[in-house]
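Enquirer: return atomic coordinates for the entry below.
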Amino acid sequence: MRVTPLLTLPVATATLALATAGPAFAGGKASPKPHKTIGTAGTSFLTATTVRPGQTARLSASTGDYLYWQFAAAAGQTDQVAVTVTLPSETSQSGAATWTVDVFDGLRRRQACTEGPQSANTQQGTAKIELHCALRQIRSWAEPWSSDPLPGTYYVRLSAVGLPDQGAGLPVDVRLRITARNGNAEPSGAHLKAPLAPAVNPGSTTAPEAAPSAEPSAVSSAPKPLQRAKSWFSWPSTRWWWTIGGGVLAAALGVAGYSLTRHPRRWFS
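Expert: Sure thing, here's the model as predicted:
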């Protein structure tokens, strides 16, 4: 029996596809695709080159140029930027300069670095500069007035200032690498387990090793309104005797005043 070419072509295609995909899916997992090294950098925020976390950017540039890269950060990540600048012999003899790596968010707000030397001053003869910047953990939300890092695009800028005239335009080798460590989207220490300050209890003291209590103590607790009302009308009490004595004194003064005003001659005759 002859097999028609129309049936032979699909079978051969399926066999070739399985043979090609066999090494890639060995062990039940796809082989990771290596990150390609990027050899460019932008000169402004609008032309910044995109770099993914774990990817390396390496290029030849000139001193005095501003180099820009951009990367995406998700909530819970802690991104770290590492920059290595290699100065050739003719560039290292140019004199002193200040190299700085800055990180900005999508609103062009400069983000603070928590670790690493963000700036480095080079002297004559310096051959290599290593800069490092660790961002704060990316939060899932923040107040509108705060500058906390939020998910989105971030920009990295490498600049050199204070260059002498003979040092501008000399070639340098720049290597950039961005790494991201995943974690909890909530900031560290966001939950307060105990009151920040103990409750104020007038008339009582707390030992230094005693745990603060959110409820007032029994010594400083104020009496309830019903108890206060019963104490006012309880008999006998000092309030009742003062009330009776005040009433008798007021009546006597009232009679004496009436007699003085109605019959003034009787008193002075």
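
Enquirer: that's a helix at Gln124, yeah?
Expert: No - Gln124 sits outside any helix when classified using DSSP: H, G, I helix; E, B strand; the rest coil, being coil.

Enquirer: I'd say it and Gly95 touch.
Expert: Yes - using Cβ atoms under 8 Å, Gln124 is in contact with Gly95, at 5.4 Å. To be clear about C-beta, it is placed using only N, CA and C from the backbone, and glycine gets the same treatment.

Enquirer: the two: which has the busier surroundings?
Expert: Using other Cβ atoms under 10 Å, the more surrounded residue of Gln124 and Gly95 is Gly95, with 16 against 12.

Enquirer: contacting residues for that one?
Expert: Gln124, Leu163, Pro164, Gln166, Gly167 (Cβ atoms under 8 Å, 6 or more residues apart in numbering).

Enquirer: so which of these is the most crowded?
Expert: Most surrounded of the contacts of Gly95: other Cβ under 10 Å gives Gly167, at 22 neighbours.

Enquirer: that one against Ala97, yeah?
Expert: Yes - using Cβ under 8 Å, Gly167 is in contact with Ala97, at 6.5 Å.

Enquirer: could you list every helix and strand that the helix or strand encompassing Gly245 packs against?
Expert: For Gly245, the host element (DSSP states H and E) is helix 238-262. When contacts are defined as 3 or more Cβ pairs under 8 Å, 6 or more residues apart in numbering; DSSP states H and E, helix 238-262 packs onto helix 264-268.

Enquirer: what is the mean pLDDT for the helix it packs on?
Expert: Regarding helix 264-268, the rounded mean pLDDT is 58.

Enquirer: still on that earlier bit, between Gly167 and Ala97, which contacts overlap?
Expert: Residues touching both Gly167 and Ala97 (Cβ under 8 Å, 6+ apart) are Thr63.

Enquirer: just the helices in the chain please.
Expert: 5-24, 89-92, 225-232, 238-262, 264-268 (DSSP state H).

Enquirer: where do the strands of the stretch 101-250 of the chain begin and end?
Expert: 110-111, 119-122, 128-134, 152-161, 171-182 (DSSP state E, counting those that start in this stretch).

Enquirer: nearest to Gly254, out of those?
Expert: strand 110-111 (82.8 Å; Cβ to Cβ).

Enquirer: average pLDDT across that closest one?
Expert: 92.

Enquirer: need the contact partners of that strand.
Expert: Contacts for strand 110-111 (Cβ under 8 Å, 6+ apart): Asp102, Val103, Phe104, Asp105, Leu135, Arg136, Ser147, Pro149, Tyr154.

Enquirer: buried subset of those residues as a ChimeraX selection?
Expert: Entered in ChimeraX, the line below selects the buried ones among those, by 16 or more other Cβ atoms under 10 Å:
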select :102,103,104,105,135,149,154
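
Enquirer: any low-confidence regions in the chain?
Expert: 1-35, 90-94, 184-233, 263-269 (pLDDT under 70).

Enquirer: many thanks, I have nothing further to ask.
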